[in-house]
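> sharing a sequence plus its predicted fold:
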Amino acid sequence: AIETALHDLVATDPVYWRTEQKKNLLERLEKLQAQQAALKLRMLASGGDIAEETGDKDASAWMRAELLVDKGAARSQLKLATRVAKYGLIAAGLAEGVVSENKARVITSALDAIENDPVASAEDLVLAEKLLVDYATRLTAHELRVVGKRILREIDPARFEDAEAKALLAEEERAQQRTALRVWDNHDGTIGFDGVLPTSVGMRFKRLVEAYAQPRKQHLLDKGAPLPPWERLMGQGFTRLLETIDPASLPRHGGDATTINVVISLDELSKDLGIATLGYDETNGTTISAAEARRMACNATIIPWVLGGDSEVLDAGRASRLFQPIQRKALRLWHKCCQAEGCDMPPEWCDAHHLDPWATGGKTDLKDGALLCPHHHRLAHNPAYTHERLPDGTIRFTRRP
């Protein structure tokens with residue numbers, strides 16, 4: 001009967017349904033999914049005979065072979081079935097359709113942690129199950145997970161607050177021991193990295209990157225442009241965060257303030273498609289395009305080393321190489337936003353760019369400076385594009401034919 005009803009419903013097109021019909025059906029389907037999960041979990045909990053028939057330790061092998069369910073997912077369902085079988089209120093909530101499978105997973109995890117807590121008693125476990133099932137009727141699974149972590153403190157604040165504080169201290173100490181960062185060269189123009197941070201530092205890191213990513217997102221929404229993937233926006237925000245760190249606030253590295261060296265020959269510097277070395281040499285660094293080197297020289301804290309034909313140092317940077325803070329403020333006050341034609345990126349998110357390139361003898365003067373957002377700053381150093389300043393001060397970019 002269920003299969004027939006579903007077949008009839010699937011054959012219809014919800015586009016022609018009334019809004020109330022859609023809302024009503026979604027509500028009923030949510031409840032039916034919980035009840036279906038209850039039935040499935042009960043069968044899996046008693047599926048020992050399936051394991052006996054297949055000769056496996058549990059029914060996951062049969063699920064993999066016959067239902068084409070990944071073994072990891074099948075074992076996760078079997079584990080949940082075993083846990084739900086221990087807790088009558090959760091099983092009843094599933095059967096009534098008021099506790100979803102995701103919420104059941106959250107509650108059983110919280111109860112298992114309570115069961116292993118040396119301070120908690122059997123009575124605490126029973127009360128925690130009752131409270132969490134009640135909360136499940138009013139909270140999302142994520143909110144329920146947060147409540148589950150502090151449910152013991154809600155049961156008996158005097159008894160569990162000290163225990164929770166000690167547990168948090170132990171967790172933070174373990175987090176410090178697990179902290180790690182790995183960085184590697186992908187040899188395709190990108191650097192890969194991953195790592196683990198303590199929660200307090202990790203959340204701060206996330207907020208810092210989001211602060212740089214969000215204005216880009218809002219700008220694109222305001223312009224009506226299609227929104228790039230959030231991961232890309234976060235990656236660009238992280239890049240921006242690194243590029244705007246004040247080197248004066250960093251510890252010294254190798255006897256000098258933390259900087260990046262870029263080594264490039266005069267010939268390569270003058271080419272559209274030249275190559276530079278990021279670092280002192282290719283053994284201890286990597287190669288980048290001359291265009292990227294010129295872009296970095298506009299805004300990043302680098303020491304540009306320009307070499308002649310016999311590796312003679314022709315230029316090792318100048319004190320006035322970068323626009324000074326007061327000059328940046330003047331440019332922001334003057335131009336109000338990115339100067340690229342049609343772009344209104346706020347000035348706080350723009351770079352100061354030399355219209356007369358340093359490689360050709362340009363100076364760091366206000367009259368030669370322009371505010372460009374990161375996207376247009378890259379275009380300014382991209383040999384595939386040309387740019388010119390229009391009479392009204394805006395910069396027009398044109399792709400080369």
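Looks like it came in fine.

> average pLDDT for the top helix by length along the chain?
Counting residues, the longest helix found in the chain (DSSP state H) is helix 19-45. On average, the pLDDT along helix 19-45 is 93.

> so what does it touch, helix or strand wise?
Applying 3 or more CB pairs under 8 Å, 6 or more residues apart in numbering; DSSP states H and E, we find helix 19-45 packed against helix 71-86, helix 88-96, helix 101-115. All C-beta atoms are positioned from the backbone trio N, CA, C, and that covers glycine.

> mind putting those helices in TSV, distance to R150, mean pLDDT and mean neighbour count included?
As requested, those are exported to TSV (distance: least, CB to CB, whole Å; pLDDT from 0 to 100; neighbours: other CB atoms under 10 Å):
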stretch	distance to R150	mean pLDDT	mean neighbour count
helix 71-86	21	92	17
helix 88-96	19	94	19
helix 101-115	10	93	20
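
> as TSV, the ones you listed with distance to G237 would be great.
Below are the helices and strands packed on helix 19-45 laid out as TSV (distance: least, CB to CB, whole Å):
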stretch	distance to G237
helix 71-86	33
helix 88-96	41
helix 101-115	30
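
> okay, and the helix or strand of this structure with the least pLDDT?
One helix or strand of the chain scores below all others by mean pLDDT, DSSP states H and E: strand 256-257, with a mean of 42.

> how is this structure divided into domains?
Domain assignment for the chain by the TED database gives 1-178, 181-244, 257-298, 315-399.

> and those, which one averages the lowest pLDDT?
domain 257-298 (a mean of 62).

> so L371 sits against W349, correct?
No. Contact criterion CB atoms under 8 Å: L371 and W349 do not qualify, at 9.6 Å.

> got the angle between the longest helix of the chain and helix 88-96?
Interaxial angle of helix 19-45 relative to helix 88-96 (axes from the mean of the first three to the mean of the last three CA atoms, to 10 degrees): 130 degrees.

> is it true that Q33 touches S100?
Yes. Counting by CB under 8 Å, Q33 sits close enough to S100 to count as a contact (6.9 Å).

> more crowded one of the two?
S100 (20 against 14; other CB atoms under 10 Å).

> can you give me phi and psi for that one?
Backbone torsions of S100, given as degrees, to the nearest 10, read phi -80, psi 170.

> what residues does it make contact with?
By CB atoms under 8 Å, 6 or more residues apart in numbering, the contact list for S100 reads E30, Q33, A34, A37, L94, A136, A141.

> kindly recompute the last result at 7 Å.
S100 sits next to Q33, A34 when contact means CB atoms under 7 Å, 6 or more residues apart in numbering.

> what of I151?
Under the criterion of CB under 7 Å, 6+ apart, the neighbours of I151 are A110, A128, L131, L132.

> of the residues you listed, closest to A1?
Distance to A1 across these (CB to CB) is lowest for L132, with 33.5 Å.

> so what's that closest one up against?
L132 touches I107, A110, L144, G148, I151, counting by CB under 7 Å, 6+ apart.

> closest to D13 out of the helices and strands packed on helix 19-45?
Using CB to CB, the nearest of the helices and strands packed on helix 19-45 to D13 is helix 101-115, at 28.2 Å.

> which elements pack onto the closest one?
Here helix 101-115 touches helix 71-86, helix 88-96, helix 122-136, helix 141-149, going by 3 or more CB pairs under 7 Å, 6 or more residues apart in numbering; DSSP states H and E.

> show me which positions of the longest helix of the chain end up buried.
A34, A37, A38, L41, R42, L44, A45 (16 or more other CB atoms under 10 Å).

> with stretch 50-65 instead?
I50, A51, T54, D58, A59, S60, A61, W62, M63, R64.

> take those and keep only those in strands.
Applying DSSP state E to the buried residues of stretch 50-65, no entry is found in strands.
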